[in-house]
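1. sharing a sequence plus its predicted fold:
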Amino acid sequence: MAKKYWAGILFFISGVILYGFTSVGAVVYLSFIEGWSNPPGKYWSAVLEGGLLFPMIFSWILMGLGILFMFSKELKTMYIRLSN
């Protein structure tokens, strides 16, 4: 069970680091945007035009998996308690 916990920590930290680098890349790319439309906004236009959507979604998945792995024991006991 400890291996799952450490894998969860590793996934979560990897997701946070990837999200941070993706956000920095989007902010750097903001200066090169000449125009943007109002619904996605300037930041999301930079993410879409810079090709940073896949790393952003992948970082969210990594963070979600990390949380699931870290709290898998608690989620299992909660599921058992709610199913009875």
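-> Everything's here; your move.

2. which residues sit against stretch 19-39?
-> 42-43, 45-47, 49-50, 52, 55-56, 59-60, 63 (C-beta atoms under 8 Å, 6 or more residues apart in numbering). Every C-beta, even on glycine, is put in place using the N, C-alpha and C of the backbone.

3. quick one: contacts for the residue nearest the centre of the chain?
-> For the chain, the residue nearest the mean C-alpha position is residue 60 (1.9 Å; C-alpha atoms, centre = their mean). The neighbours of residue 60, taking C-beta under 8 Å, 6+ apart as the test, are 15, 19.

4. got the CA coordinates for the strand or helix carrying it in PDB?
-> Assigning secondary structure by DSSP states H and E places residue 60 in helix 53-70. This file holds the C-alpha atoms of helix 53-70, laid out as PDB (Å, rounded to 0.1, in the frame of the first residue of the first chain):
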ATOM      1  CA  LEU A  53      -3.600  22.400 -24.400                       C
ATOM      2  CA  PHE A  54      -2.400  18.800 -24.300                       C
ATOM      3  CA  PRO A  55       0.300  19.400 -21.600                       C
ATOM      4  CA  MET A  56      -2.300  21.300 -19.600                       C
ATOM      5  CA  ILE A  57      -4.800  18.500 -19.700                       C
ATOM      6  CA  PHE A  58      -2.100  15.900 -19.100                       C
ATOM      7  CA  SER A  59      -1.000  17.800 -15.900                       C
ATOM      8  CA  TRP A  60      -4.600  17.800 -14.700                       C
ATOM      9  CA  ILE A  61      -4.800  14.000 -15.300                       C
ATOM     10  CA  LEU A  62      -1.500  13.500 -13.400                       C
ATOM     11  CA  MET A  63      -2.700  15.500 -10.400                       C
ATOM     12  CA  GLY A  64      -6.100  13.700 -10.400                       C
ATOM     13  CA  LEU A  65      -4.400  10.300 -10.500                       C
ATOM     14  CA  GLY A  66      -2.000  11.400  -7.800                       C
ATOM     15  CA  ILE A  67      -4.900  12.400  -5.500                       C
ATOM     16  CA  LEU A  68      -6.700   9.100  -6.200                       C
ATOM     17  CA  PHE A  69      -3.600   7.000  -5.400                       C
ATOM     18  CA  MET A  70      -2.800   9.000  -2.300                       C
END
